[in-house]
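Participant: Just need the structure, nothing else, for what follows:
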Amino acid sequence: MTTRRLHLRRLHRADAQALCAYRSQPEVARYQSWTTYGPDDAARLLDDQQDRDIGTPGTWLQVAIVETSSGHLVGDCGLHCLEDEPQQFEIGITLAHDHHGKGYATEALECLLHYLFTTLSARRITATTDVLNEPAAALFRRLGFRQEAHHIEHRPYKGTLTSEFVFALLSREWTARSHSHQQP
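Facilitator: Now for the predicted structure:
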């Protein structure tokens with residue numbers, strides 16, 4: 001999948017060093033499930049992803065975000081196809097800190113949403129983010145997601161109880177939004 005500035009593709013074993021470089025940044029790891037991210041973590045992820053296809057019920061697939069102009073891996077999108085409802089997906093995004101604020105997350109997720117809704121006939125897509133991660137919450141709102149829940153002190157996370165926002169977007173909402181953006 002290609003956008004104006006990005007190429008979204010399967011992760012390759014050669015991505016291990018770049019994956020470690022941005023996933024180990026404290027600013028990137030702050031709201032992720034990991035605290036540190038080293039070569040062994042990258043190897044496990046890459047081994048796990050090799051035979052995985054997008055849309056396989058019950059699985060997560062990480063999609064590489066590559067900057068077209070440089071060819072560098074700058075992040076990845078996570079796609080979880082729900083096992084009991086394969087037309088529903090959960091998404092997430094991890095982007096290298098030095099690529100924040102460039103619109104790459106919006107561009108990558110718009111491309112991914114288009115693919116999920118049009119090619120895979122997704123019915124509903126959700127995203128969950130820590131309430132303190134204001135840029136992520138703003139990203140999902142910008143993409144047309146509606147906030148469905150605010151879980152307060154929801155679960156233990158890195159030594160504290162975290163509160164989370166849950167966002168969702170239906171296929172019909174995506175279609176209506178896409179059509180309204182195409183109008184002059």
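
Participant: for the chain, what spans make up the strands?
Facilitator: Along the chain, the stretches classed as strands by DSSP state E are 6-10, 59-67, 73-81, 88-95, 124-130, 146-157, 160-170.

Participant: Make a markdown table from the ones you listed and add distance to Gly101 and mean pLDDT to it.
Facilitator: No exception for glycine: its C-beta is placed from N, CA and C like everyone else's. Putting the strands of the chain into a markdown table (distance: least, CB to CB, whole Å; pLDDT from 0 to 100) gives the following:
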| stretch | distance to Gly101 | mean pLDDT |
| --- | --- | --- |
| strand 6-10 | 15 | 96 |
| strand 59-67 | 14 | 95 |
| strand 73-81 | 12 | 96 |
| strand 88-95 | 10 | 96 |
| strand 124-130 | 17 | 97 |
| strand 146-157 | 23 | 93 |
| strand 160-170 | 20 | 95 |
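
Participant: would a markdown table of those with mean neighbour count and distance to Gly103 be doable?
Facilitator: Listed next are the strands of the chain as a markdown table, based on neighbours: other CB atoms under 10 Å; distance: least, CB to CB, whole Å:
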| stretch | mean neighbour count | distance to Gly103 |
| --- | --- | --- |
| strand 6-10 | 17 | 10 |
| strand 59-67 | 20 | 12 |
| strand 73-81 | 22 | 12 |
| strand 88-95 | 21 | 11 |
| strand 124-130 | 20 | 18 |
| strand 146-157 | 12 | 22 |
| strand 160-170 | 17 | 19 |
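
Participant: Just list the residues touching the closest residue to Leu170 other than its chain neighbours, thanks.
Facilitator: Beyond its immediate neighbours in the sequence, the residue positioned closest to Leu170 (CB to CB, 6 or more residues apart in numbering) is Arg124, lying 5.4 Å away. With contact set as CB atoms under 8 Å, 6 or more residues apart in numbering, Arg124 has these partners: Gln87, Gln88, Phe89, Ala168, Leu169, Leu170, Ser171.

Participant: ok, the closest residue in space to the fifth one that isn't next to it in sequence - how many residues close by?
Facilitator: Right, Leu169. Spatial nearest neighbour of Leu169, chain neighbours left out: Phe145 (4.6 Å); criterion: CB to CB, 6+ apart. Neighbour count for Phe145, taken as other CB atoms under 10 Å: 24.

Participant: Was I right to think Gln32 contacts Thr94?
Facilitator: Yes: applying CB atoms under 8 Å, one finds Gln32 in contact with Thr94, separated by 6.5 Å.

Participant: what's the overlap in contacts for these two?
Facilitator: Joint contacts of Gln32 and Thr94 (CB under 8 Å, 6+ apart) are Arg23.

Participant: how about the strands of the chain in CSV, adding distance to Tyr37?
Facilitator: Below are the strands of the chain laid out as CSV (distance: least, CB to CB, whole Å):
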stretch, distance to Tyr37
strand 6-10, 19
strand 59-67, 13
strand 73-81, 12
strand 88-95, 10
strand 124-130, 18
strand 146-157, 17
strand 160-170, 19
